[in-house]
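1. Build the 3D model from these lines:
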Amino acid sequence: MSSVSENLADNTKSLREARGLTQAQIAKTAGIPRPTWANIESGSANPTLQVLLKMAEALQVSLEELIAPPRASAKLYLRDSLPSKKRGQVSIQKLLPEPLVGLDMERLVLPPGATMRGIPHTPGTREFLTCEQGLIELKEADTCWKLGPGDVLVFRGDQKHWYHNPGGRVAIAYSVISLAA
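-> Model prediction:
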């Protein structure tokens, strides 16, 4: 288990490097001496709260982010760990393992002839439907849109809509939902 000073050292260095700045540049921005910054990055300093606040402001992060255990640079989510469900014959798999405010992404698998009613979202929501394989028909209002592989349809996700596979083979599509605030 890492200590707060180790967390501070690791986070400070990685945040500075991610911004492409030298110790001298960020120390000047923060208004603290470069040797102080270097000692903090090495884990050998015990900075005051005032220095930590200046560092957080210069790096444009919260104080908590400076001292928290470092986040992993990447995390693999295996397919079976992602939430999935069936609505009728259609399989829906979430593509975002962690919630992002105002955004959702799903993979839709429609067997031949399958139809699924879309659920209208909050007013102002936009949906982006991309067909990867097969044929997809999307009906919204009085319009029927036909999508083939690579086609993208942007439509109002706050209206009644239906997905349909009119083809003789499985259709796969990706839905990106941008929810209105």
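
2. Look up how far residue 66 lies from the residue sitting nearest the centre point of the chain.
-> Centroid-nearest residue in the chain: residue 100, 5.3 Å away (criterion: CA atoms, centre = their mean). Here the criterion is CB to CB, to the nearest Å. By it, residue 100 lies 23 Å from residue 66. Bear in mind the C-beta positions are built from the backbone N, C-alpha and C, glycine included.

3. Spatially nearest residue to residue 160, not counting backbone neighbours?
-> residue 120 (5.9 Å; CB to CB, 6 or more residues apart in numbering).

4. ok, now residue 57?
-> In space, residue 57 is closest to residue 30, 7.1 Å off (CB to CB, 6+ apart).

5. so that neighbour makes contact with residue 55?
-> Yes: using CB atoms under 8 Å, residue 30 is in contact with residue 55, at 5.4 Å.

6. List the residues that are in contact with both of those two.
-> Residues touching both residue 30 and residue 55 (CB atoms under 8 Å, 6 or more residues apart in numbering): residue 37.

7. quick one, which of those two is more surrounded?
-> residue 55 (27 against 19; other CB atoms under 10 Å).

8. Surely that one forms part of a helix?
-> Yes: counting by DSSP: H, G, I helix; E, B strand; the rest coil, residue 55 falls inside a helix.

9. quick one, what contacts it?
-> Contacts of residue 55 (CB under 8 Å, 6+ apart): 12, 30, 32, 37, 40, 47, 66.

10. And it, how close does it get to residue 65?
-> Residue 55 is 11 Å from residue 65, by CB to CB.

11. Over to residue 136?
-> 42 Å.
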